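Enquirer: here are the coordinates; sequence isn't available:
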């Protein structure tokens, strides 16, 4: 109860730890903070048309506290792709094998496109939960024909990392995908990650997981999405590729190019089942969601001017344990749809 009261008080205060916290102006803010706090919530920040309408912290949360966003990291790859298309480095529908030439001799791998890779229908399946190195991911085998199945996992994003690395080398640029992402997306919108983890053996940037952000930084990314890929009147990414991020695949309409969507799906994927916006017809059709383990969430609803970032306490080591063996804190179940409804008109 004490943590819950602190969480609510933070949203109503004017100063917390030296950082200004704006008073809540949304009438449902308190209810949303209560809901989040009861489910290991650490931070909530809600913008409507760029203005703060709800902000609160609990437990380890604080305005300047960076936390793992886990698979919420994946959506940065979609935006990096859209920037690379604008720069002429890559095309959404080009074969991965045009860059990963060792795939060209494999009849299945040779047909996979960049879109297939990032909407997780390539047929490439991850081994375990931990993200492999780029080289390891490139060498993984396929377990389904391209386009035949949706397979959530880390490996396709690490293959994309290798695609970007080789594209950048060919263009005479710094080969580190983070340098490119920072120059093209993060720095222009003023987003400063607290950290971004790398593969401990290879040093490769972790694209499926690894970003560590405060809620105040994460909403900056949400604002870029809300604005259609524009920042201060400047189009930062290719418009057509930007829009393509929010189109689901035939085998899983609830997942686009790195973003979750509110589309009904027949996919039996267990991660798809966790994100329940696809099962609630009340969700706005233009809602998009970046989601990570431990219920790290970034909702964007352009039609309502809405961006919602939510962080929660979560032991990332648990993500490396099979789901049925995890010992996560007990408590009420989290629902994306229920939380979003506190702010939907």
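Expert: Cool, the structure landed. Fair warning: this is a prediction, and the values are worked out from it, not measured in the lab.
Enquirer: would you map the strands across the stretch 1-150 of the chain?
Expert: Here the stretch 1-150 of the chain has its strands, by DSSP state E, counting those that start in this stretch, at 15-16, 19-20, 41-48, 51-57, 67-68.
Enquirer: how near is residue 68 to residue 315?
Expert: The gap separating residue 68 from residue 315 is 9 Å, by CB to CB, to the nearest Å. The C-beta positions use only the backbone N, C-alpha and C, and glycine is treated the same way.
Enquirer: neighbour count for these two, which is higher?
Expert: residue 68 (25 against 15; other CB atoms under 10 Å).
Enquirer: next, the contact list for that one, please.
Expert: Residue 68 sits next to 209, 211-212, 292, 294, 296, 314, 316 when contact means CB atoms under 8 Å, 6 or more residues apart in numbering.
Enquirer: quick one: closest of the strands of the stretch 1-150 of the chain to residue 121.
Expert: strand 67-68 (26.6 Å; CB to CB).
Enquirer: next SSE downstream of the helix or strand encompassing residue 224?
Expert: Assessed by DSSP states H and E, residue 224 sits inside helix 215-226. Scanning forward in sequence from helix 215-226 by DSSP H and E, the next helix or strand is strand 230-231.
Enquirer: starting at the chain centroid, how far to that following strand?
Expert: 19 Å (CA atoms, centre = their mean, to the nearest Å).
Enquirer: can you list the neighbours in contact with that strand?
Expert: With CB under 8 Å, 6+ apart, strand 230-231 has contacts from 188-189, 223-224, 236.
Enquirer: about what we covered before: ok, and the most crowded of the contacts of residue 68?
Expert: In terms of neighbours by other CB under 10 Å, the contacts of residue 68 top out with residue 211 at 30 neighbours.
Enquirer: and the residue nearest to residue 143 when sequence neighbours are not counted, how many neighbours?
Expert: Closest residue to residue 143 apart from its sequence neighbours, by CB to CB, 6 or more residues apart in numbering: residue 125 at 4.4 Å. Residue 125 has 17 neighbouring residues, counting by other CB under 10 Å.
Enquirer: over to residue 85?
Expert: 21.
Enquirer: which residues touch it?
Expert: Taking CB under 8 Å, 6+ apart, we find residue 85 in contact with 91-92, 237-238, 240-241.
Enquirer: that older thread, mind checking which of the contacts of strand 230-231 are buried?
Expert: 223-224, 236 (16 or more other CB atoms under 10 Å).
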